[in-house]
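# Sharing a model prediction with you, sequence too.
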Amino acid sequence: MGKKGILVVLSGPSGAGKGTVSRALQRDNPTLRLSVSATTRAPRKGEVEGLHYHFLEKEVFKELITNNQLLEWAEVYGNYYGTLRQFVQDSLVQGDDVMLEIDIQGALQVKEKFPEAVLIFIAPPSKSDLRSRLVSRGTDSRKEIEKRLSCVASEMELARRYDYIVINDDVTQALEKIQAIITAEKLRPRYHELFFEQFKK
């Protein structure tokens with residue numbers, strides 16, 4: 001067996017900068033493949049099948065759950081969201097690295113089913129900084145911002161179950177830290193089967 005890819009999972013509170021970090025990682029790592037989530041909700045204006053989501057009927061999604069074809073899934077406001085197991089497994093076997101940008105509950109589900117997954121928690125420098133970011137981006141109402149902030153304490157507690165925590169007070173520095181994590185993870189023995197095989201001959 002050649003070198004397998006690694007599965008990187010990014011999570012963090014809304015406003016911590018996951019999207020910015022994710023896009024920059026993809027830009028700087030052409031072999032890093034973003035896993036596109038599946039959902040049963042209808043496409044929004046401008047969303048493209050296979051690029052933003054895989055849009056599925058509820059019955060199809062439920063079959064995936066029954067057949068254990070999802071690494072993680074959740075029901076949110078009556079719609080289902082999940083990560084397709086086959087895409088992730090096929091990509092890793094081919095030697096490609098795969099990144100998931102998913103919520104905390106989903107990430108912990110992935111870790112249970114796929115222990116070698118590398119969970120990275122993207123955190124804001126402080127709660128006040130997070131509030132400022134949510135306000136300045138101007139996409140949420142005051143009520144929605146307060147709702148998001150009320151979840152931060154429990155989210156930060158769950159961050160203890162991650163492999164790494166990266167405080168995103170500077171995007172460039174955060175990216176450097178994540179690149180260092182990926183480099184270090186690739187040095188683990190389980191990713192060097194081909195190297196070990198030569199010594200058996």
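Thanks, I have the structure now. None of the values given here were measured: they were computed from a predicted structure.
# Which of the helices or strands spans G82?
For G82, the host element (DSSP states H and E) is strand 79-84.
# no no, E146
According to DSSP H and E, E146 maps onto helix 142-150.
# Buried residues of whatever helix or strand comes next after that helix, list them for me.
From helix 142-150 onward toward the C-terminus, using DSSP H and E, the following helix or strand is helix 152-158. Buried positions in helix 152-158, judged by neighbour count with 16 or more other C-beta atoms under 10 Å: V152, E155, M156. For every residue, glycine as well, the C-beta is placed using N, CA and C.
# same question for stretch 50-61, mean pLDDT?
In this model, stretch 50-61 has a mean pLDDT of 93.
# Mind listing what's buried along that stretch?
Using 16+ other C-beta under 10 Å as the test for burial, stretch 50-61 gives Y53, H54, F55, L56, F61.
# measure S150 to R131 for me?
Here the criterion is C-beta to C-beta, to the nearest Å. By it, S150 lies 11 Å from R131.
# The two: who's more crowded?
Legend: neighbour count by other C-beta atoms under 10 Å for S150 and R131, higher for R131 (17 against 9).
# Output the contacting helices and strands for the helix or strand where the more buried one lies.
Using DSSP H and E, R131 falls within helix 127-137. Helix 127-137 sits against helix 142-150, with contacts defined as 3 or more C-beta pairs under 8 Å, 6 or more residues apart in numbering; DSSP states H and E.
# For the helix ranked longest in the chain, which helices and strands make contact with it?
As assigned by DSSP state H, the longest helix anywhere in the chain is helix 171-185. Helices and strands touching helix 171-185, as assessed by 3+ C-beta pairs under 8 Å, 6+ apart, comprise helix 18-28, strand 118-123, strand 164-167.
# In stretch 176-194, which residues are buried?
Under the neighbour-count criterion of 16+ other C-beta under 10 Å, stretch 176-194 has K177, I178, I181, I182, E185, Y191 buried.
# ok, now stretch 30-47?
Residues L32, R33, S35, V36, S37, A38, T39, T40, R41 are the ones in stretch 30-47 that count as buried (16+ other C-beta under 10 Å).
# And for the helix or strand hosting the second one, what's in contact with it?
Using DSSP H and E, R33 sits within strand 32-34. Judged by C-beta atoms under 8 Å, 6 or more residues apart in numbering, the contacts made with strand 32-34 from elsewhere in the structure are V8, S22, L25, Q26, S91, D96, D97, V98, M99, L100, E101.
# The fourth one: neighbour count?
Counted with other C-beta under 10 Å, residues neighbouring Q26 total 14.
# residues touching it, list them.
Applying C-beta under 8 Å, 6+ apart, we find Q26 in contact with L32, L34, M99.
# That one and Q105: what is the separation?
Taking C-beta to C-beta as the measure, Q26 falls 24 Å from Q105.
# now the second one
Remark: distance between S22 and Q105 (C-beta to C-beta) = 18 Å.
# That'll do, ta.
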